[in-house]
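Trainee: Turn this into a model:
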Amino acid sequence: MIDEPLPSAVAWAPADAERILLAADERELGTLRLLLATLDAKARGTVFVEVGSSGDIVPLVAPPRFEVRFLVRDRGQDLGRAVDAWCEEWLTYGECPAVYAWVAGRGPARVLTAD
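Mentor: A predicted model of the protein is given here:
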(Lines give C-alpha, C1' and ligand atoms only; values in the text may rest on other atoms or scores of the structure.)
Protein backbone atom coordinates (compact mmCIF):
# COMPACT_ATOMS: atom_id res chain seq x y z
CA MET A 1 0.00 0.00 0.00
CA ILE A 2 1.02 3.61 -0.45
CA ASP A 3 1.22 6.34 2.15
CA GLU A 4 0.77 9.15 -0.33
CA PRO A 5 -2.82 10.04 -1.34
CA LEU A 6 -3.79 9.93 -5.01
CA PRO A 7 -4.30 13.26 -6.76
CA SER A 8 -7.88 14.43 -6.26
CA ALA A 9 -8.60 14.29 -10.00
CA VAL A 10 -7.92 10.54 -10.14
CA ALA A 11 -10.92 8.21 -9.91
CA TRP A 12 -9.60 4.81 -8.80
CA ALA A 13 -11.64 1.86 -7.55
CA PRO A 14 -10.74 -1.37 -9.38
CA ALA A 15 -12.63 -3.47 -6.77
CA ASP A 16 -13.01 -7.07 -8.02
CA ALA A 17 -11.86 -6.57 -11.60
CA GLU A 18 -10.23 -9.63 -13.15
CA ARG A 19 -8.13 -7.52 -15.51
CA ILE A 20 -6.88 -3.96 -15.13
CA LEU A 21 -5.78 -1.58 -17.86
CA LEU A 22 -3.76 1.54 -17.07
CA ALA A 23 -2.85 3.87 -19.92
CA ALA A 24 -1.28 7.33 -20.06
CA ASP A 25 1.55 9.32 -21.52
CA GLU A 26 4.77 10.31 -19.79
CA ARG A 27 3.10 13.28 -18.06
CA GLU A 28 1.18 10.82 -15.85
CA LEU A 29 4.08 8.57 -14.80
CA GLY A 30 3.82 9.70 -11.19
CA THR A 31 0.12 8.86 -11.07
CA LEU A 32 0.74 5.49 -12.75
CA ARG A 33 3.34 4.66 -10.11
CA LEU A 34 0.88 5.51 -7.34
CA LEU A 35 -1.91 3.46 -8.90
CA LEU A 36 0.36 0.44 -9.39
CA ALA A 37 1.51 0.70 -5.78
CA THR A 38 -2.10 0.29 -4.59
CA LEU A 39 -2.53 -3.06 -6.34
CA ASP A 40 -2.32 -6.46 -4.70
CA ALA A 41 0.40 -8.82 -5.94
CA LYS A 42 -2.36 -11.03 -7.42
CA ALA A 43 -3.65 -8.23 -9.68
CA ARG A 44 -3.43 -8.91 -13.41
CA GLY A 45 -3.34 -6.43 -16.24
CA THR A 46 -1.49 -4.20 -18.66
CA VAL A 47 0.08 -0.76 -18.47
CA PHE A 48 0.59 1.32 -21.61
CA VAL A 49 2.83 4.39 -21.37
CA GLU A 50 3.29 6.59 -24.44
CA VAL A 51 6.65 8.40 -24.52
CA GLY A 52 8.30 10.70 -27.05
CA SER A 53 11.42 8.61 -27.71
CA SER A 54 13.14 5.49 -26.45
CA GLY A 55 15.33 7.71 -24.26
CA ASP A 56 12.19 8.64 -22.29
CA ILE A 57 11.56 5.06 -21.11
CA VAL A 58 12.00 4.76 -17.33
CA PRO A 59 11.62 1.79 -14.97
CA LEU A 60 8.06 1.23 -13.76
CA VAL A 61 7.41 -1.26 -10.96
CA ALA A 62 4.24 -3.33 -11.41
CA PRO A 63 2.76 -6.47 -9.84
CA PRO A 64 4.25 -9.70 -11.26
CA ARG A 65 1.15 -10.49 -13.36
CA PHE A 66 1.21 -7.09 -15.08
CA GLU A 67 2.71 -6.36 -18.46
CA VAL A 68 4.25 -2.90 -18.92
CA ARG A 69 4.48 -1.66 -22.51
CA PHE A 70 6.13 1.58 -23.53
CA LEU A 71 4.86 3.06 -26.78
CA VAL A 72 7.32 5.35 -28.56
CA ARG A 73 5.79 8.23 -30.55
CA ASP A 74 8.83 8.74 -32.79
CA ARG A 75 8.39 5.10 -33.91
CA GLY A 76 4.75 5.74 -34.81
CA GLN A 77 3.34 3.93 -31.77
CA ASP A 78 0.13 5.43 -30.39
CA LEU A 79 -1.61 5.12 -27.04
CA GLY A 80 -5.11 5.34 -28.50
CA ARG A 81 -4.52 2.50 -30.96
CA ALA A 82 -2.94 0.33 -28.24
CA VAL A 83 -5.91 0.86 -25.90
CA ASP A 84 -8.39 0.12 -28.68
CA ALA A 85 -6.57 -3.12 -29.59
CA TRP A 86 -6.39 -4.20 -25.93
CA CYS A 87 -10.12 -3.60 -25.51
CA GLU A 88 -10.87 -5.58 -28.69
CA GLU A 89 -8.88 -8.49 -27.30
CA TRP A 90 -10.33 -8.51 -23.78
CA LEU A 91 -13.85 -7.22 -24.29
CA THR A 92 -15.18 -9.92 -26.56
CA TYR A 93 -18.72 -11.19 -26.34
CA GLY A 94 -19.33 -14.32 -24.34
CA GLU A 95 -17.12 -15.02 -21.36
CA CYS A 96 -15.66 -11.58 -20.81
CA PRO A 97 -13.74 -10.96 -17.57
CA ALA A 98 -14.61 -7.95 -15.44
CA VAL A 99 -12.19 -5.31 -16.70
CA TYR A 100 -11.35 -2.01 -15.03
CA ALA A 101 -9.61 0.67 -17.06
CA TRP A 102 -7.97 3.96 -16.11
CA VAL A 103 -6.93 5.89 -19.19
CA ALA A 104 -5.57 9.39 -18.65
CA GLY A 105 -7.33 12.01 -20.71
CA ARG A 106 -10.32 9.85 -21.60
CA GLY A 107 -12.68 10.62 -18.74
CA PRO A 108 -13.23 8.85 -15.45
CA ALA A 109 -12.21 5.23 -14.99
CA ARG A 110 -14.98 2.65 -15.05
CA VAL A 111 -15.65 -1.06 -15.25
CA LEU A 112 -15.80 -2.17 -18.86
CA THR A 113 -17.81 -5.08 -20.21
CA ALA A 114 -18.49 -6.52 -23.64
CA ASP A 115 -22.20 -5.55 -23.42
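Trainee: C-alpha from now on. contacts and neighbour counts both.
Mentor: Noted.
Trainee: Now do the helices in the protein.
Mentor: Taking DSSP state H to define them, one finds helices in the chain at 29-37, 79-90.
Trainee: Quick one: distance of the longest one to the chain centre.
Mentor: Counting by CA atoms, centre = their mean, to the nearest Å, helix 79-90 is centred 11 Å from the centre of its parent chain.
Trainee: Give me the buried positions along it.
Mentor: Across helix 79-90, burial judged by 16 or more other CA atoms under 10 Å covers 79, 82-83, 87, 90.
Trainee: which of the residues you listed lies closest to residue 43?
Mentor: residue 90 (15.6 Å; CA to CA).
Trainee: just checking, the closest one touches residue 101?
Mentor: No: counting by CA atoms under 8 Å, residue 90 stays clear of residue 101, with 11.4 Å between them.
Trainee: Compute the number of surrounding residues for residue 34.
Mentor: 17 (other CA atoms under 10 Å).
Trainee: now residue 21, which residues is it bridged with?
Mentor: Legend: beta-bridge partners of residue 21 under DSSP bridges are residue 46, residue 101.
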